[in-house]
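Trainee: Need the 3D shape of this:
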Amino acid sequence: MRRLLLLRHAKTESDAPSGSDRDRPLAARGRKDAAELGAWLAGQQPLLPDLAFVSTAVRARATWDIIQKQMSDEVPQELASHLPELYGAQPTQLLALIRSAAARNSKRLMIVGHNPGLHEFALGLIGGGDAAGRAALTRNLPTSGLVVIDFPIERWDGIAFGGGQLAQFVSPKLLKEA
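Mentor: Take a look at the predicted model:
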C-alpha cells in the first residue's frame, strides 16, 4: 500500500513586493493554520511522510517549513525535494511526478502545491473511501487543506486516476469543528 498526502499551501497575502505571484508570502492566518495542521500531523504517526515534493513558490515552501518544524522529531527536513514544476501543475503532470517517485521506494508521499491543479488531481484520484470527506472535498480544497489517499499498489508507478481511497480530508476549519 502507498499513501499520498496532498497539501494545499496555507493562506497568503494578496500581493508580493516583487509583484510576482510565485513570491506571495503567507498571511498571519496562513502561518497560524500551518502550525496548527503541523501540530495535528505530528500526532498522526500513520500520516507522517517519508518523502515530500514541495513547490518552489514562497507560500508553499513556507507552509512546508512550518509544518515540518512541528513534525521535526519524526520527519527530517532533508526528505523534501523543492520542485519548480509543481507551480501551476495540472493533474496529468502531477501523476507523472508521483510515478517518478517509484525509484525512491517511499510509502507516504506528501505534495505541497497549488489549486486548481491539486484539487482537480485529488478528485481525479479518488475512486472511493470516506463519503463525507469526498462530499466536502468536492466543494473545495481550502488553503491548508490536506487530502490523504490510499492506493493498493506496491510502487508509485502503479498509481492511476480513480484508483485511490480517500482515507481522510482535513483542514484547519474541520480540525476546529472536531
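
Trainee: partners of the closest residue to residue 106 other than its chain neighbours in the sheet?
Mentor: Once flanking residues are discounted, residue 106 sits nearest to residue 51: 3.6 Å by C-beta to C-beta, 6 or more residues apart in numbering. No exception for glycine: its C-beta is placed from N, CA and C like everyone else's. Note on residue 51: beta-bridge partners residue 109, judged by DSSP bridges.

Trainee: Can you give me the neighbour number for residue 51?
Mentor: Neighbour count for residue 51, taken as other C-beta atoms under 10 Å: 18.

Trainee: Correct me if wrong: it contacts residue 111.
Mentor: No: Residue 51 is beyond contact range of residue 111, at 9.7 Å (criterion: C-beta atoms under 8 Å).

Trainee: The closest residue to residue 91 other than its chain neighbours: what's it in contact with?
Mentor: Spatial nearest neighbour of residue 91, chain neighbours left out: residue 121 (4.2 Å); criterion: C-beta to C-beta, 6+ apart. Contact partners of residue 121, counting by C-beta atoms under 8 Å, 6 or more residues apart in numbering, are 6, 91, 94-95.

Trainee: List the buried residues for the least confident helix or strand in the chain by mean pLDDT?
Mentor: Every helix and strand in the chain was compared by mean pLDDT, DSSP states H and E; the lowest is helix 172-177, with a mean of 89. Across helix 172-177, burial judged by 16 or more other C-beta atoms under 10 Å covers residue 172.

Trainee: send the alpha carbons of that helix over as CSV?
Mentor: Taking C-alpha atoms only, helix 172-177 is exported to CSV below (Å, rounded to 0.1, in the frame of the first residue of the first chain):
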residue,chain,number,x,y,z
PRO,A,172,-7.9,24.0,9.9
LYS,A,173,-11.6,24.7,9.9
LEU,A,174,-12.6,21.0,10.1
LEU,A,175,-10.0,20.4,12.9
LYS,A,176,-11.5,23.3,14.9
GLU,A,177,-15.0,21.8,14.4
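
Trainee: so how far is that helix off the chain centroid?
Mentor: How far helix 172-177 lies from its chain's middle: 17 Å, per C-alpha atoms, centre = their mean, to the nearest Å.

Trainee: among the contacts of residue 121, which are in strands?
Mentor: If you go by DSSP state E, the contacts of residue 121 have residue 6 in strands.

Trainee: which other residues reach the longest helix seen in the chain?
Mentor: Counting residues, the longest helix in the chain under DSSP state H turns out to be helix 28-42. With contacts defined as C-beta under 8 Å, 6+ apart, helix 28-42 is touched by 7, 9-12, 26, 47-48, 59, 62-63, 66-71, 73-74, 143-144, 146, 170, 172, 175.

Trainee: ranges for the helices of this structure?
Mentor: 28-42, 58-70, 91-99, 117-125, 131-139, 172-177.
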